[in-house]
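> sequence unavailable; structure follows:
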């Protein structure tokens, strides 16, 4: 069975503007339909990796979102949460109002071949004792 889990949309918002204080449960959350998240213009598909391991008897999840863009205007100074949408329409929330916040890093990629675009690669990493919740 094939899973179409390509990330086709990346959105971000300051954690202070999230429409909820804490998430209830580990699996789902709900965002009001009227809530508008700014879209990050990036090359599609983006990449999301979620890994887990046991640390001190607790399961710990590491989330790594990687996307490429031509735009350098992504604000890296504040604390942001990221909403990613798969081609199937599933939405995952990376980050929340609680520490630790997602950390974003930028790489200015200069390719080694003429056939590859020179783009900026952003990597968002977030570690938590809960897996990125899925939108209800």
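Cool, got the structure. These numbers come from a predicted model, not from an experiment.
> for residue 42, give me phi and psi.
phi -140, psi 160 (degrees, to the nearest 10).
> mean pLDDT per helix and strand in this protein: which one sits at the bottom?
Sorting the helices and strands of the chain by mean pLDDT, DSSP states H and E puts strand 28-29 at the bottom, at a mean of 63.
> hmm, who's touching the helix or strand just after that strand?
Once the chain leaves strand 28-29, the next helix or strand it forms, by DSSP states H and E, is strand 47-55. If you take C-beta atoms under 8 Å, 6 or more residues apart in numbering as the criterion, strand 47-55 is touched by 7, 59-67, 84, 92, 94, 131-132. Every residue, glycine included, has its C-beta placed from N, CA and C.
> and the next element down the chain from strand 47-55?
Following strand 47-55 in sequence order, the next helix or strand is strand 58-69 (DSSP H and E).
> which stretches of this structure have low pLDDT?
Where the chain drops to pLDDT under 70, the residues are 1-4, 20-35, 136.
> 50 instead?
1 (pLDDT under 50).
> which one is residue 109 nearest to, not counting chain neighbours?
Among residues not flanking residue 109 along the chain, residue 121 sits closest, at 5.3 Å (C-beta to C-beta, 6 or more residues apart in numbering).
> just residue 101 next, same as before
The nearest residue in space to residue 101 (C-beta to C-beta, 6+ apart) is residue 79, at 4.1 Å.
> just the buried ones from the contacts of strand 47-55?
Neighbour counting by 16 or more other C-beta atoms under 10 Å classes 7, 61, 63, 65-67, 84, 92, 94, 132 among the contacts of strand 47-55 as buried.
> which of those residues sits closest to residue 112?
The closest of the buried ones among the contacts of strand 47-55 to residue 112 turns out to be residue 66 (C-beta to C-beta; 18.6 Å).
> how much space separates the closest residue to the closest one other than its chain neighbours from residue 91?
Nearest residue to residue 66, sequence neighbours excluded (C-beta to C-beta, 6+ apart): residue 47, at 4.4 Å. Distance of residue 47 to residue 91, computed by C-beta to C-beta, to the nearest Å: 16 Å.
> between these two, which one's more packed in?
residue 91 (19 against 13; other C-beta atoms under 10 Å).
> now that one: closest residue in space that isn't a chain neighbour?
Closest to residue 91 by C-beta to C-beta, 6+ apart is residue 135, at 3.6 Å.
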